[in-house]
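Asker: build the 3D model from these lines:
(chains A and B)
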Amino acid sequence: MSNVPTLLEMRSITKEFPGVKALSDVNLVVRAGEIHAICGENGAGKSTLMKVLSGVYPYGSYDGQIVYQGSESKFSDIRASENAGIVIIHQELALIPGMSIAENIFLGNEPRKRGAIDWKAANRMALDLMARVGLQEDPDTLIKDIGVGKQQLVEIAKAFAKDVKLLILDEPTAALNEADSRHLLDLLRGFRSRGITSIMISHKLNEIEAIADQITILRDGRTVETLDVKADGVDEDRIVRGMVGRELSSRFPDHTPKIGDVFFEVRDWNVRHPISADRQVCKNESFVVRRGEIVGFAGLMGAGRTELAMSVFGRSYGVYESGTIIKDGKEIVLKSVADAIDNGLAYVSEDRKAIGLNLLDDIKSSTVAAKLSKISHHGVLSEVEEYQAAEAYRKELRTKAPSVDVGVSKLSGGNQQKVVLAKWMFTDPDLLILDEPTRGIDVGAKYEIYGIIQRLADEGKGVVVISSELPELIGLCDRIYTVFEGAITGEIARADATPENLMKQMTSTKKLATR
Amino acid sequence: MSRIKDLQKNLFGGTTSNARQFGMIFTLVAIVLIFQIWTDGLTLRSDNLIALFQQNSYILILAIGMLMVIVAGHIDLSVGSIAAFTGILVAKSMTEWDLPWPAAIVFGLAIGAVIGAWQGFWVAYVGVPAFIVTLAGMLLFRGGNQFIGNAQSIPVPEGFREIGSGFLPEFGPNTGYNNATLLLGLAAAAAVVWREIRTRNTRRAMDADPAPMWVSILRMAIMVGVIAFASLRFASGRVGTSFPISGIILLLLVIAYSFYTRNTAGGRHIYAVGGNSRAAELSGVKLKRVNFFVMMNMSVLAALAGMIFVARSAASGPQDGNGWELDAIAAVFIGGAAVAGGIGTISGSIVGGLVMAVLNNGLQLQGVGTDKVQIIKGLVLLLAVAIDVYNKSQGRFSIIGSLMRPFRREDSAPPASPPDAERKPAKAAVSG
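Answerer: All right, here's what the predicted structure looks like:
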């Protein structure tokens, strides 16, 4: 393979922040026309490396050399790297929701005629670019009116508008459903055949295995190895071994479920969309949870799983229409989140940064935030009890932080998730609803989170897990409901749960006859 | 560990918030000293100190409420107008409807509560941004003041004036000082010692080593020294003057609201709402109730501030309270509150307000014209917040927090694993 020319070489890159060495002596060689994956746990330095490459951290703020297209590059900012054809697409999309597709594609790069923007040309060029990424929409459509999958395509079209030679994608499929992910991966393959080089950062190892030509693995800010997927016969386990530095015998801890009786039941649940009242987001949904049971909810993105969970959790989503909740044989009415918490429900949201945590808080105050009454005496908060509670959970969940005074914004994704779990465990719930509990979390931390979930179930709590990763549901859950377009379409026992089985139910509207 | 390091680590910093608070005090002391030298000792003279407190107590009272509004992520532009509106009604109630002055004060607070409920309703339950609601309120209640008072001044009776221009009474043996003020100072000193002991116990209970004993003693000595100095100054003014009543009101409010914001669930909820309202809601915080409360509370405090001002100037006029909202907002931001909400302390805002007050006072003592004073104040505000923003972009804490970085406990040392690389690990502060 040595006859393939090298497009990019990053040589012994070292980047320090006060107190932390984010990258030390990292090397990366990318050949022209390949798809190069970068793997590593959170905090391994993947994103930092890409920021060095794209000029977010300008030349001079790091040590080492970037050789691009045969000569050393010294990018002073993002614009400089973009001019050289290096375009980075971040995990959080940088699109303006209230602007049209065409406007977004050419933002900062508008085609001009005599000083004014030439919208005719822009729309024409936009259509052309959209065709290249397989996006069929009116270029005048507003970004907020298209799905995440299509938004991702707009970002890529935007990159093409800048004449991209090296496309960097940071977790491009993290927010996409299976179909959109597959489309995106096909697209990347198409780019490869047209000679465009891509670097892809992803936690989804199956995708990397399927698409990458080479994989560079980072751990703790250092290069571990670069693997050639075909030549080295790389599979997921091989990548995991490189990332964590040890063999993970199994992706899930061993667990023998101790399932009790049904204690929580939702019957004929109907909820409407909060804004467009004619849209029904929950259609006559019913489900049960037993003590000690881990119940999964499988479904495509937008199937209405989060909406179901949140509407049950104190009507925190949508407009309640009808339906009952029965807990321990009695009907309960939960009109607010406070009601839900008081009745022993906990909901760990899918987006911990946006709606799960107050990022200004430290671990202490985050841990107790959902049940301040537990550390209050006559209305006065006890700092000591707050500390003791937080410290106990830090030890129990093995949250990596020097003390509970550390701000949650400084923690890695996995540790933030542990704080969120601690916050809800602190409320002593009987039913925990976990929405995408391992999204954006690295392999090692996932294993720990699974262990926590199983322990909670063993304590006799009911646990509901919503996840878009089918292997996770199959490995973790005792029973799985499938959801499609706001309706429960199937119920599959652990023994029968296969990806094929689930996928079939997740995409069909066939109503479940018996429960 | 060397003694110097011990001192750096512990003198001002039991906890992070303590450290910041002390950092702001540090800045204030510097400004006071600069003016003390520049004005040849005029700044810290008894009569000047007393005047300083009397002239600024109402702004500082507003700053308390404004801090809570800003922490919750809102703003209140109407406080000056509400103060004026309340002032004129209260003045009228006493002169024309012969309400006795204690009843008039209750009446004034009730007006504040009603106005607050009005504004809180729009902000919390309808969802109109507070900026708009209070901009409307600013016009509404300014107009209301001038409509009711016919754009004239209305005088207030003697008893009522006490809350604005009264002093602690004289009693007991003739010590050459005002005994009440001395007692107040003693109580404050005792409180400082009590607090220090409590902090030490708390830290022990939290498995953290308390500061070395000698540091604790030094810290107490400094605080007690300042209190002693201040109480002697306030107690030795012109005969008939001492610590002002408005200062007492302010002191009580500061203590009560500091306690509320730091040590109760209700206070915590305000920070939670400002930090991330959606997360707060999903943690069981009643968003609307919190928003309603902070807006209503602000108006009550504005009514109180208005009454104190009227009492001090002996009459309510059509231009009362002009521009107060800006002074209060400036105090809060200089005091380290975040524009986006979620961050800030009562004590910080008070110190922020005092920084502005001392600046104002010192420049006036030097005969600097109001034109130039305004220019300087504007620049100070801009600079303070700019440093804050810059420091945050560098991943450090706020302005004065960063001034005090060497004093902070090592509680933000880098976590065991490098932080998520997407964020700047630079946030980890280096301890001195």
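Asker: next, see if stretch A:370-390 gets close to chain B.
Answerer: Yes. Taking Cβ under 8 Å from any Cβ of the partner chain as the criterion, stretch A:370-390 and chain B are in contact, through A:370-373, A:376, A:379-381, A:383-384, A:387-388. All C-beta spots, glycine's among them, are computed from the backbone N, C-alpha and C.
Asker: what does that stretch rub up against?
Answerer: Residues from elsewhere that reach stretch A:370-390 (Cβ atoms under 8 Å, 6 or more residues apart in numbering or on different chains): A:341, A:346, A:363-365, A:367-368, A:404, A:422-424, A:426-428, B:202, B:205-207, B:263-265, B:268-269, B:283-284.
Asker: for that stretch, buried residues please.
Answerer: Burial within stretch A:370-390, assessed by neighbour count using 16 or more other Cβ atoms under 10 Å in any protein chain shown, is assigned to A:370-372, A:375-376, A:381-390.
Asker: with only the CA atoms kept, save that stretch in PDB.
Answerer: This file holds the C-alpha atoms of stretch A:370-390, laid out as PDB (Å, rounded to 0.1, in the frame of the first residue of the first chain):
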ATOM      1  CA  ALA A 370     -33.800  16.500  42.300                       C
ATOM      2  CA  LYS A 371     -34.500  15.900  45.900                       C
ATOM      3  CA  LEU A 372     -33.400  18.800  48.000                       C
ATOM      4  CA  SER A 373     -35.900  17.900  50.700                       C
ATOM      5  CA  LYS A 374     -33.800  14.900  51.600                       C
ATOM      6  CA  ILE A 375     -31.000  17.100  52.900                       C
ATOM      7  CA  SER A 376     -33.100  19.900  54.300                       C
ATOM      8  CA  HIS A 377     -34.100  20.400  57.900                       C
ATOM      9  CA  HIS A 378     -36.800  22.900  58.500                       C
ATOM     10  CA  GLY A 379     -36.100  24.300  55.100                       C
ATOM     11  CA  VAL A 380     -32.400  24.700  55.600                       C
ATOM     12  CA  LEU A 381     -30.000  22.700  53.400                       C
ATOM     13  CA  SER A 382     -27.300  20.800  55.200                       C
ATOM     14  CA  GLU A 383     -24.000  21.200  53.400                       C
ATOM     15  CA  VAL A 384     -22.600  18.300  55.300                       C
ATOM     16  CA  GLU A 385     -25.300  15.900  54.300                       C
ATOM     17  CA  GLU A 386     -25.100  17.100  50.700                       C
ATOM     18  CA  TYR A 387     -21.400  16.400  50.700                       C
ATOM     19  CA  GLN A 388     -21.800  13.000  52.300                       C
ATOM     20  CA  ALA A 389     -24.500  11.900  49.900                       C
ATOM     21  CA  ALA A 390     -22.500  13.100  46.900                       C
END
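Asker: rewinding a little: just the buried members of the contacts of stretch A:370-390?
Answerer: A:341, A:346, A:363-365, A:367-368, A:404, A:422-424, A:426-427, B:202, B:206, B:263-265, B:268-269, B:283-284.
Asker: which of these fall in helices?
Answerer: Among those, DSSP state H puts A:341, A:363-365, A:367-368, A:422-424, B:202, B:263, B:265, B:268-269 in helices.
Asker: okay, domains of the chain per the record?
Answerer: The chain I'm using is chain A. A:6-244, A:250-344+A:429-509, A:357-427 (automatic domain parsing).
Asker: switch to chain B, please.
Answerer: In terms of domains, chain B is parsed into B:1-38+B:396-432, B:51-166+B:264-393, B:172-243 (source: automatic domain parsing).
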